[in-house]
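**Student:** Predicted model and sequence follow; I will ask about them next.
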Amino acid sequence: MEFFDLHCDTAYECAVRGGGTGLREGARHLSLDRGQYLENWTQVFAVFMPDEYRGARAIRHYERVRDYLYRQESLLPGRLEILRDAASFSGSRAECRAVLSVEGGSALAGDPERLRALYDDGVRLITLTWNAPNELGDGVLSEEGRGLTEAGRAVVRGMNRLGMAVDVSHLSDAGFRDVADISEIPFIASHSDARSLCGNPRNLTDGMIREIAGRGGLIGLNFHAAFLRDGGQATAADILRHAEHMLALGCGKALCLGSDFDGCDLPCGMTGIESAGALYEDFLRENYSEDLVRDIFSRNARRYFAKYIFKD
């Protein structure tokens with residue numbers, strides 16, 4: 001089974017909360033050992049930025065988790081490779097091909113010129129905010145709910161020029177509209193579900209879903225139980241429910257996975273990366289074609305990254 005996952009917090013959990021635990025052992029939901037059964041596994045590892053970190057403290061934190069991933073790559077040859085260019089994206093034979101991302105634009109410390117340094121580090125995706133405001137704009141839980149700042153607008157334009165995926169998960173609704181107005185290449189929501197099925201503000205409205213899909217972007221289904229169901233116990237069936245809704249809105253080539261492993265509470269019956277195979281079978285049992293399931297689990301994301309991020 002091919003697997004391309006747009007978001008996990010495992011690097012942060014291992015480097016910071018786990019005191020440097022290796023990716024071979026991993027954290028609660030994901031490890032290299034537990035994912036060994038996967039084929040053609042591409043995993044986006046986020047450098048999670050706590051909302052309270054700003055300025056020099058934010059830079060130090062980003063560098064700490066970045067350096068952790070660099071060390072893991074050097075310690076695990078053949079098992080982990082950070083993708084940095086088109087050649088590695090298409091040619092890597094590592095067990096787990098890693099894409100480096102940042103969850104929270106505070107890693108830029110308010111300076112759009114730092115984008116180039118992050119790009120040179122290997123960062124290919126930036127989630128512009130977490131839940132609170134930062135120098136780029138307001139997160140989805142900000143009381144004011146404002147859009148992007150001037151620095152945020154400059155960052156979106158700079159990401160377009162460099163070839164970095166602009167991620168609107170966690171961004172305020174006004175910020176989403178600003179990205180839609182500014183971005184010249186398709187943007188993504190790396191780990192978000194459908195707000196019409198679960199009212200959590202972290203989820204996307206139907207209009208947002210249509211906008212991302214219509215532009216050729218990506219939406220990664222988030223496995224977090226609180227984003228899947230309003231009340232009651234969420235199960236894997238709720239992931240399929242959100243998938244079906246998004247497909248009805250035109251997401252056949254946009255829908256993919258953004259598990260949020262090690263940053264979420266999983267639905268009942270799911271334990272981590274080892275549950276992905278059972279989820280794949282759940283889709284097939286619900287009479288999704290194998291071609292569509294392969295698109296959701298890997299090919300849609302691979303096409304996007306090949307076209308816009310790791311292009312020749």
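**Tutor:** Good, I have the coordinates.

**Student:** for the longest strand anywhere in the chain, packing partners?
**Tutor:** Longest among the strand segments of the chain by residue count, using DSSP state E, is strand 39-48. The contact analysis (3 or more CB pairs under 8 Å, 6 or more residues apart in numbering; DSSP states H and E) places strand 39-48 against strand 2-8, helix 10-12, helix 55-75, strand 96-103, strand 123-127. Heads up, the C-betas are built off the backbone N, CA and C, glycines and all.

**Student:** on contacts alone, who are the packing partners of the second one?
**Tutor:** In this structure, helix 10-12 makes packing contacts with strand 39-48, helix 55-75, judged by 3+ CB pairs under 8 Å, 6+ apart.

**Student:** if we go to 6 Å?
**Tutor:** Judged by 3 or more CB pairs under 6 Å, 6 or more residues apart in numbering; DSSP states H and E, the packing partners of helix 10-12 are helix 55-75.

**Student:** Off-centre distance for the helix it packs on?
**Tutor:** Its chain's average C-alpha position is 18 Å from that of helix 55-75, according to CA atoms, centre = their mean, to the nearest Å.

**Student:** Which SSE is immediately downstream of it?
**Tutor:** For helix 55-75, the succeeding helix or strand toward the C-terminus, using DSSP states H and E, is strand 80-82.

**Student:** how far out from the middle of the chain is the helix or strand just after that next one?
**Tutor:** Scanning the chain past strand 80-82 towards its C-terminal end, the next helix or strand to appear is helix 86-91 (assignment: DSSP H and E). The offset between the C-alpha centroid of helix 86-91 and the centroid of the whole chain comes to 20 Å, using CA atoms, centre = their mean.

**Student:** Compute the inter-axis angle for the longest strand of the chain and strand 123-127.
**Tutor:** 60 degrees (axes from the mean of the first three to the mean of the last three CA atoms, to 10 degrees).

**Student:** now the helices and strands packed on strand 39-48 as JSON lines including mean pLDDT and distance to residue 41?
**Tutor:** Formatted as JSON lines, the entries for those read as follows, by pLDDT from 0 to 100; distance: least, CB to CB, whole Å:
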{"stretch": "strand 2-8", "mean pLDDT": "98", "distance to residue 41": "5"}
{"stretch": "helix 10-12", "mean pLDDT": "98", "distance to residue 41": "13"}
{"stretch": "helix 55-75", "mean pLDDT": "98", "distance to residue 41": "15"}
{"stretch": "strand 96-103", "mean pLDDT": "98", "distance to residue 41": "5"}
{"stretch": "strand 123-127", "mean pLDDT": "98", "distance to residue 41": "17"}
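
**Student:** what about the ones you listed, which gets the closest to residue 22?
**Tutor:** With CB to CB, the closest approach to residue 22 among these belongs to helix 55-75: 6.4 Å.

**Student:** list the buried ones in that closest one?
**Tutor:** Within helix 55-75, the residues scored as buried using 16 or more other CB atoms under 10 Å are 58-59, 61-62, 65-66, 68-69, 72-73.

**Student:** rewinding a little: so which of the helices and strands packed on strand 39-48 gets nearest residue 276?
**Tutor:** Each of the helices and strands packed on strand 39-48 was checked against residue 276 via CB to CB, and the shortest separation belongs to strand 2-8, namely 5.9 Å.

**Student:** That closest one to strand 39-48, inter-axis angle?
**Tutor:** Using the same axes, to 10 degrees, strand 2-8 lies at 0 degrees relative to strand 39-48.

**Student:** For strand 2-8, list the C-alpha coordinates in PDB.
**Tutor:** In PDB, the C-alpha atoms belonging to strand 2-8 read as follows (Å, rounded to 0.1, in the frame of the first residue of the first chain):
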ATOM      1  CA  GLU A   2       1.400   3.400  -1.000                       C
ATOM      2  CA  PHE A   3       1.100   6.100   1.600                       C
ATOM      3  CA  PHE A   4       1.600   9.900   1.500                       C
ATOM      4  CA  ASP A   5       0.600  11.700   4.700                       C
ATOM      5  CA  LEU A   6       0.600  15.500   4.700                       C
ATOM      6  CA  HIS A   7       1.000  16.100   8.500                       C
ATOM      7  CA  CYS A   8       2.400  14.600  11.600                       C
END
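
**Student:** Which one of the helices and strands packed on strand 39-48 lies nearest to residue 152?
**Tutor:** Scanning the helices and strands packed on strand 39-48 with CB to CB as the criterion, the closest one proves to be strand 123-127, at 10.7 Å.

**Student:** Tell me the buried residues in the longest strand of the chain?
**Tutor:** For strand 39-48, the neighbour count (16+ other CB under 10 Å) marks 41-48 as buried.

**Student:** So for it, mean pLDDT?
**Tutor:** Averaged across strand 39-48, pLDDT comes to 97.

**Student:** quick one: it to strand 96-103, angle?
**Tutor:** Angle between the axes of strand 39-48 and strand 96-103 is 20 degrees (criterion: the same axes, to 10 degrees).
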